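*Asks:* Sequence and computational prediction follow.
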Amino acid sequence: MLRGKDLLSIHDLSVEETEEILQLAAELKAMQQAGVEHKILEGKTLGMIFEKSSTRTRVSFEVGMYQLGGQALFLSGRDLQLGRGEPIKDTARVLSRYLNGIMIRTYGHERVVELAEYADIPVINALTDLLHPCQVLTDLLTIREYKGKNLQGLKMAYVGDGNNMTNSYMYGAAKMGMTFTAATPQGYEPNAEVTQNATEDAKATGASITLTNDPYAAVKDADVVVTDTWASMGQEAQHEERKKIFAPYQVNKELLASADKRVIVMHCLPAYRGEEITEEVFEANASVIFDEAENRLHTQKAIMALTMGG
């Protein structure tokens, strides 16, 4: 169903397409662990445009393409004429003549949308300031590994900044029929349009989307608690101010006391211990968090295989 399509947002996926990604990711992970080759993209090439730096995104996509039998090209702003002002629509049309797919990690979401509009090959959103679909699909895979395949009614609480992760969690929870609550400080709520879209998506699956300023209300009886850095890339100048504002939203032992006794805590990394999460909570959930990090590889392999395969 996804062959030749872009992956810009989980909102654009059907429930069936979301399930298809997660199912194939689990299968590819099992194949790798069993030492079974899966050269689904043999002879194909992915261009990786990085306007924002990354550890996990670059390594997981590059290694993923290698394991799928293809090749990945790292393209920084210094490597492309984009860095010298070439229109993104021209870059899209040129790269479409050379590559089989494009992955982009950038700032404004409109850049990804324009790239996809003019490219004749699949475009994968590896992060924008608005959305981070690959990470949230990864997290859904990880939750299924710990909580079972059926996520219907499972309660997830997000605590922290209403950022690209929060936006994508709302979309992901809506597709899976989950009960999702985001707790953010006043004025730091997730994007209003995304919230509305996710609320509409939720009607089809029985999911629920709730926003609150009370982290304790959000976490009560939660099966999964997730958090993220308080100052995203590009917000470094606001770091000290945000530390004061977000201090009541730290994921710590006291906050988790009202969660389900079998709660798992997740973090997409990098984590700033002593800020959004305590050392104690992080280390108690380290196995989950690093499974989550590993699953970026398997989930993105599934996305690439489904969009670029055939």
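*Replies:* Sure, I can see it.
*Asks:* What's the biggest helix in the protein, counting residues?
*Replies:* helix 286-308 (DSSP state H).
*Asks:* how near is the closest residue to Leu306 other than its chain neighbours to Ala72?
*Replies:* Using C-beta to C-beta, 6 or more residues apart in numbering and skipping the chain neighbours, the partner closest in space to Leu306 is Leu2 (4.1 Å). From N, CA and C alone the C-beta is placed, and that goes for glycine too. According to C-beta to C-beta, to the nearest Å, Leu2 stands 19 Å off from Ala72.
*Asks:* so what's the backbone phi/psi at Gln238?
*Replies:* Note on Gln238: its backbone torsions stand at phi -90, psi 0 [degrees, to the nearest 10].
*Asks:* number of nearby residues for the residue nearest to it when sequence neighbours are not counted?
*Replies:* Of all residues not flanking Gln238 in the chain, Ala231 sits nearest, at 5.7 Å (C-beta to C-beta, 6+ apart). When counting by other C-beta atoms under 10 Å, one arrives at 20 neighbours for Ala231.
*Asks:* How about the contacts made by Ala231?
*Replies:* With contact taken as C-beta atoms under 8 Å, 6 or more residues apart in numbering, Ala231 is in contact with 161, 238-239, 242.
*Asks:* same deal with Lys220?
*Replies:* Lys220 touches 258-259, counting by C-beta under 8 Å, 6+ apart.
*Asks:* Return the subset of the contacts of Ala231 lying in helices.
*Replies:* 239, 242.
*Asks:* biggest separation within the contacts of Ala231, which pair?
*Replies:* Distances among the contacts of Ala231 were taken as C-beta to C-beta; the most separated pair is Asp161 and His239, at 11.8 Å.
*Asks:* Looking at those two, which one has more neighbours?
*Replies:* Higher neighbour count among Asp161 and His239: Asp161, with 26 against 13, using other C-beta under 10 Å.
*Asks:* Name the residues of the longest helix of the chain that come out as buried.
*Replies:* 288-289, 291-293, 295-308 (16 or more other C-beta atoms under 10 Å).
*Asks:* just checking, Arg56 touches Leu269?
*Replies:* Yes - contact criterion C-beta atoms under 8 Å: Arg56 and Leu269 qualify, at 6.6 Å.
*Asks:* Quick check, Glu51 in contact with Gly77.
*Replies:* Yes - contact criterion C-beta under 8 Å: Glu51 and Gly77 qualify, at 5.3 Å.
*Asks:* Those two: which has the busier surroundings?
*Replies:* When Glu51 and Gly77 are compared on other C-beta under 10 Å, the one with more neighbours turns out to be Glu51, at 18 against 14.
*Asks:* how about the nearest residue to the more buried one, chain neighbours excluded?
*Replies:* Using C-beta to C-beta, 6+ apart, the nearest residue to Glu51 is Thr106, at 4.2 Å.
*Asks:* Check the one you found and give its pLDDT.
*Replies:* Looking at Thr106, its pLDDT stands at 95.
*Asks:* what about it, neighbour count?
*Replies:* Thr106 has 21 nearby residues by other C-beta under 10 Å.
*Asks:* For it, which residues are in contact?
*Replies:* 49, 51-52, 112, 127-128.
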